[in-house]
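In: model the structure of this input:
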Amino acid sequence: MNSEASQALLRALFDAAVAAADPFRCLPAYLPEPPKGRTIVIGAGKAGGSMARALEDHWPGPLEGLVVTRYGHKIPTERIEVVEAAHPVPDEAGRAAAARILNMVQGLSADDLVICLISGGGSALLAAPAEGLTLADKQAMNKGLLKSGATITEMNCVRKHLSAIKGGRLAAACAPAQVVTLLISDVPGDDPSVIASGPTVADPTTCADALAILDKYNLREPAAAYEYIKRGHDETPKPGYPRLARATTRMIATPQASLEAAAALALASGVTPVILGDSLEGESRDVALVHAGIAKQVARHNQPVAAPCVLLSGGETTVTVRGKGRGGRNAEFLLALAVALEGHPRIHAVACDTDGVDGTEDNAGAILTPDTLARAEALGLRAKDFLANNDGYTFFSKLKDLIHTGPTLTNVNDFRAILVR
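Out: Next up, the predicted model:
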């Protein structure tokens, strides 16, 4: 397999992973039975538009509702209104949408059904500040969390305790109606209470947990948000809360299912797949070092499997921002991987976010080839300097190795594939 064929296979594996999480493919099988009363559709996430359209296409009765998605991720719908808002830092559009959704589910009866469409990104898109806090407070705390290196689980724990809608509060507002939440997981472990900060799921975490996270990362600003959590007077609904008794969740797409789809394609292509994990966390550059070590072990000793093989992994790494460069988790991962592999002649790799947006940039990710470092050096680019500046986007852009897909309208988090020939 030459370099061109290797790159084509890696891109095909990524495409297979995304296709496995396409709401048009995976949502219809999980729809509930129509109710005696009204059917209200609400939700939030990067897949919100496509989930709403897939639901419209397969629902036999009347529908009404509102779903919020990220700017640029909206697609045409007929009965469910889809609006756009900012991610990863919330904006006024997200706050207004959250307020409208909360108002929409007031006064429902036990004969009514609420279908909640939740996917990654929903935490920022459903921006309803807790009483006494402002949108500016939430924006400032979000920015601090994003730069801190906190995990997605830690970030969403804090977000739940600064919100009037997250951590089960939305489902509580829907009672006594039945609430069925259809979930596309973008978090390690597929915990429904973490995905989009669990607006329809009981919250096992506490204000004390959130405070410990803020103290761990020395996040004391804005003072209003810190003091609100420190007071701990407004806890989220916990397991067993009566107003959540008729709320259930159905997981329709997961990182593992997408990795398995990529693995099946690799096997059909004559390459042995090895799934390293669907929920890998940690600093992107540290995760890259571990992946590089495994890839070199395969190349040198045919362990844990013989080449040709492809190492597949998912999850959500973090980047502690120290420099002033551009790039998301996947560009950072690949840049660190390039440094660690030192131009190994038998190893190619791809790393992309399945939503089509790596961080806040316009690329899904990038591709790494054995000659990446050599081509960079010919242009006067030192990979280690770009890594120190958190500037993976610029590095791979100059090499023309960025992958651009546009919004994929789904999101099962990061996808990584390392091919050892």
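In: centroid-wise, who is the farthest residue in this structure?
Out: The centre of the chain is farthest from one residue, A378, which by CA atoms, centre = their mean lies 35.6 Å away.
In: quick check: closest non-adjacent residue to P88.
Out: Spatial nearest neighbour of P88, excluding adjacent residues (CB to CB, 6 or more residues apart in numbering): A124 at 5.1 Å. Every residue, glycine included, has its C-beta placed from N, CA and C.
In: secondary structure element holding that neighbour?
Out: helix 122-125 (DSSP states H and E).
In: quick one: that helix to chain centroid distance?
Out: The chain centroid and the centroid of helix 122-125 are separated by 11 Å, computed with CA atoms, centre = their mean, to the nearest Å.
In: equivalent analysis for stretch 238-249, please.
Out: 25 Å.
In: go on, stretch 254-265?
Out: Mean-position distance between stretch 254-265 and its chain equals 16 Å (CA atoms, centre = their mean).
In: ok, residues contacting that stretch?
Out: 12-14, 16-21, 184-186, 190, 273, 275, 278-279, 312-315, 354, 412-413, 415, 417 (CB atoms under 8 Å, 6 or more residues apart in numbering).
In: ok, G132 to L162 distance?
Out: In this view, G132 and L162 are 10 Å apart by CB to CB, to the nearest Å.
In: so where is the stretch 301-421 of the chain shaky, pLDDT-wise?
Out: Within the stretch 301-421 of the chain, not a single segment meets pLDDT under 70.
In: can you pull out the strands in it?
Out: Using DSSP state E, counting those that start in this stretch, the strands of the stretch 301-421 of the chain run over 309-315, 347-353, 365-368, 402-403, 414-420.
In: show residues contacting the first one.
Out: Contacts of strand 309-315 from elsewhere in the structure, counted by CB under 8 Å, 6+ apart, are 9-10, 13, 188, 255-256, 258-259, 262-263, 266, 271-281, 291, 294-295, 298, 412-420.
In: mind running it again at 7 Å?
Out: Where contact means CB atoms under 7 Å, 6 or more residues apart in numbering, the residues beyond strand 309-315 that reach it are 13, 188, 255, 258-259, 262-263, 266, 271-281, 291, 294-295, 298, 413-420.
In: and stretch 18-33, how far from the chain's centre?
Out: Relative to the centre of its chain, stretch 18-33 is centred 17 Å away, using CA atoms, centre = their mean.
In: got it, and stretch 381-394?
Out: 24 Å.
In: mind listing what's buried in that stretch?
Out: By 16 or more other CB atoms under 10 Å, the buried positions in stretch 381-394 come out as L381, A383, F386, L387, N389, N390, D391, G392, Y393, T394.
In: just checking, which of those belong to helices?
Out: If you go by DSSP state H, the buried residues of stretch 381-394 have A383, F386, L387, G392, Y393, T394 in helices.
In: with distance to S119 as extra columns, can I get these in a markdown table?
Out: Putting those into a markdown table (distance: CB to CB, whole Å) gives the following:
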| residue | distance to S119 |
| --- | --- |
| A383 | 34 |
| F386 | 32 |
| L387 | 31 |
| G392 | 25 |
| Y393 | 24 |
| T394 | 29 |
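In: quick one: the strand ranked longest in the chain to strand 414-420, angle?
Out: Assignment by DSSP state E gives strand 272-280 as the longest strand of the chain. Taking axes from the mean of the first three to the mean of the last three CA atoms, to 10 degrees, one finds that strand 272-280 is oriented at 150 degrees with respect to strand 414-420.
In: now strand 272-280 against strand 309-315, angle please.
Out: Using the same axes, to 10 degrees: strand 272-280 against strand 309-315 is 10 degrees.
In: what packs against strand 272-280?
Out: Strand 272-280 sits against helix 255-268, strand 309-315, with contacts defined as 3 or more CB pairs under 7 Å, 6 or more residues apart in numbering; DSSP states H and E.
In: deepest-packed of these, please.
Out: Ranked by mean neighbour count, these are led by strand 309-315 with a mean of 24 (mean count of other CB atoms under 10 Å).
In: next, the angle from it to strand 347-353.
Out: 20 degrees.
In: quickly run through the sheet partners of strand 309-315, with directions.
Out: With DSSP bridges as the test, strand 309-315 is paired with strand 272-280 (parallel), strand 414-420 (antiparallel).
In: contacts for the last one, please.
Out: So the one you mean is strand 414-420. In contact with strand 414-420 (CB under 7 Å, 6+ apart) are residues 6, 9-10, 13-14, 17, 258, 262, 291, 295, 298-299, 307-317, 329-330, 333, 346-354.
In: do the same with the longest one
Out: Counting by CB under 7 Å, 6+ apart, the neighbours of strand 272-280 from elsewhere in the structure are 188-189, 255-256, 259, 263, 266-267, 287, 304-305, 308-315, 317.
In: rerun that using 6 Å as the cut-off
Out: By CB atoms under 6 Å, 6 or more residues apart in numbering, the list of residues contacting strand 272-280 from outside reads 188-189, 255-256, 259, 263, 266-267, 287, 305, 309-315.
In: buried sites along that strand?
Out: Quick answer for strand 272-280 (16+ other CB under 10 Å): T272, P273, V274, L276, D278, S279, L280.
In: output the residues you listed as TSV; include the columns distance to V114 and pLDDT.
Out: Compiled in TSV, the buried residues of strand 272-280 are given as follows (distance: CB to CB, whole Å; pLDDT from 0 to 100):
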residue	distance to V114	pLDDT
T272	45	98
P273	39	98
V274	41	98
L276	38	97
D278	29	96
S279	29	92
L280	34	93
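In: tell me which two of the residues you listed sit farthest apart.
Out: T272 and S279 (22.0 Å; CB to CB).
In: quick one: low-confidence ranges for the stretch 51-200 of the chain?
Out: By pLDDT under 70, the stretch 51-200 of the chain contains no weakly predicted segment.
In: hmm, back to that, what's the spacing between the longest strand of the chain and its chain's center?
Out: Relative to the centre of its chain, strand 272-280 is centred 17 Å away, using CA atoms, centre = their mean.
In: please apply the same query to stretch 364-378.
Out: With CA atoms, centre = their mean, you get 26 Å for stretch 364-378.
In: what separates the closest residue to P308 other than its chain neighbours from N330, distance-wise?
Out: Leaving out its chain neighbours, the residue that sits closest to P308 by CB to CB, 6+ apart is V271, at 4.8 Å. From V271 across to N330, the span is 21 Å (CB to CB).
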